[in-house]
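In: Predicted model follows, preceded by the sequence.
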Amino acid sequence: MLVHGFPDGPATWERVMALLPDDIRVIRPSLRGVGNSIASDGARSCQIAALASDLLELLDALSIEEAVLVGHDWGARAAHAAAAIAPGRIRSLVTLATAYGPRSTLTPSEALDDAAVAWYRYWLCTDVGASSFAADPRALISWAWGHWSAPGVITPHEREMLLPLFDNRQFIETVIHYYRHGATEAIGSAVYADLQAQLDQWPDINVPTTFLVGADDGCETVPAAHASETSFPAGIEIKVLSNVGHFVQREAPQAVADAILPFLRRELRSI
C-alpha cells in the first residue's frame, strides 16, 4: 500500500511502481479530502488516528491480512501510526520525509530549525493563516511544490493533473484540522478518542522499518529523522539522500524501490 502526502496524490508513486515487480498487488488510496475521498459527518476529522484507521479499515474492506506499507509526508505519519497500533497487520514499513516520534532529543538549535521549516503548520493554527488558506489554497500548494523540493520536480503538466484533486469540498477543512490537531490547537473526533490517546503516547514501532529523507528537504530536517531512532527498539534503517528534497518518491524513485524490494522478497519467501 502506497500512501501519498500533502499536497500530492496517488500518481506520485508512478515512477516507483515502474520499478516494482509486475505481479504484486499495489493499492494507492487517496487521503481524506483528496480526490473523491470524503469522510462521513460522524468521523469528520484529520487527526492521525483517523488517517491510521482509514488504512487499517481499507485493508479490512479488501480482505487483506498483512501488507507492506509505504508512506510519504502525511502518508508516513499515517503509516507509522498504523504500524504502532496494529503491528500484526503491517509486514514491514517504508516511510519518506516525515519522521516519527516526539523529537524531544533535538538540541534547542535543531528544534528551532525544525520549527522554522514548518512555519506553515503554525500559520494554519492562526485565524489569519486559516482564512488566507481557505481563500486561496492553491497559493500554499504551489509555494510548497516550489520550495520543498527543487523547482521543476513536479512538472507543470503534473501540477495541472494534481490541482483538481484539491477541489474536494472537504479539502480545506481537512488540511487545517490536520495541522491544528497536530499542534494541539484543535480537538479530535470522539470516534477516534481511544485510539488517539494511544498514539499521543508515541508507542514504539516494532516492525521492520526503513526511513528515507532528502538532505535538501524544505519542510523536514535530518536531525528529526535521527531523533526518531529510539522509537524503533527493533531497529530502523535511516537513509539520508543527497541532492533530494521533500518529494522523495518523485526525485529518487530507485532509492524508494530499493527500500521496498527486500521487504517484498521477504514476504514472498514466507508464503
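Out: Perfect, I can see it now. Numbers count the residues shown, from 1 in each chain.

In: Please tell me I have it right and Cys37 contacts Arg28.
Out: If you look again at residue 37, you'll see it is Ser, not Cys. No - with contact defined as CB atoms under 8 Å, Ser37 does not count as touching Arg28 (11.8 Å). (Each C-beta comes from the backbone N, C-alpha and C, glycine too.)

In: Roughly how far does the nearest residue to Arg169 once chain neighbours are set aside sit from Arg32?
Out: Spatial nearest neighbour of Arg169, chain neighbours left out: Ile38 (7.7 Å); criterion: CB to CB, 6 or more residues apart in numbering. Computed as CB to CB, to the nearest Å, the Ile38 to Arg32 distance reads 8 Å.

In: what is in contact with those two at once?
Out: Any residue near both Ile38 and Arg32 by CB atoms under 8 Å, 6 or more residues apart in numbering counts here, and that gives Gln170.

In: So if I had to pick from these two, which one is more boxed in?
Out: Arg32 (26 against 14; other CB atoms under 10 Å).

In: low-confidence ranges in this protein?
Out: 266-271 (pLDDT under 70).

In: For the closest residue to Pro29 other than its chain neighbours, which residues are in contact?
Out: Excluding the flanking residues, the one nearest Pro29 by CB to CB, 6+ apart is Leu58, at 5.9 Å. Neighbour list for Leu58: Met1, Ile27, Pro29 [criterion: CB under 8 Å, 6+ apart].

In: Provide a list of residues in contact with the closest residue to Ala18 other than its chain neighbours.
Out: Counting by CB to CB, 6+ apart, Ala18 lies nearest to Pro253, which is 7.4 Å off, once chain neighbours are set aside. Going by CB under 8 Å, 6+ apart, Pro253 touches Arg15, Val16, Ala18, Leu19.

In: Just the buried ones out of those, please.
Out: By neighbour count, with 16 or more other CB atoms under 10 Å, those hold Arg15, Val16 as buried.

In: out of the contacts of Pro253, who's nearest Ile176?
Out: Ile176 has its nearest neighbour among the contacts of Pro253 in Val16, at 29.4 Å by CB to CB.

In: Could you pull up the contacting residues of the closest one?
Out: Counting by CB under 8 Å, 6+ apart, Val16 has contacts Leu2, Gln249, Pro253, Val256, Ala257, Ile260.

In: Please identify the helix or strand for the last one.
Out: Element membership of Ile260 [criterion: DSSP states H and E] is helix 253-270.
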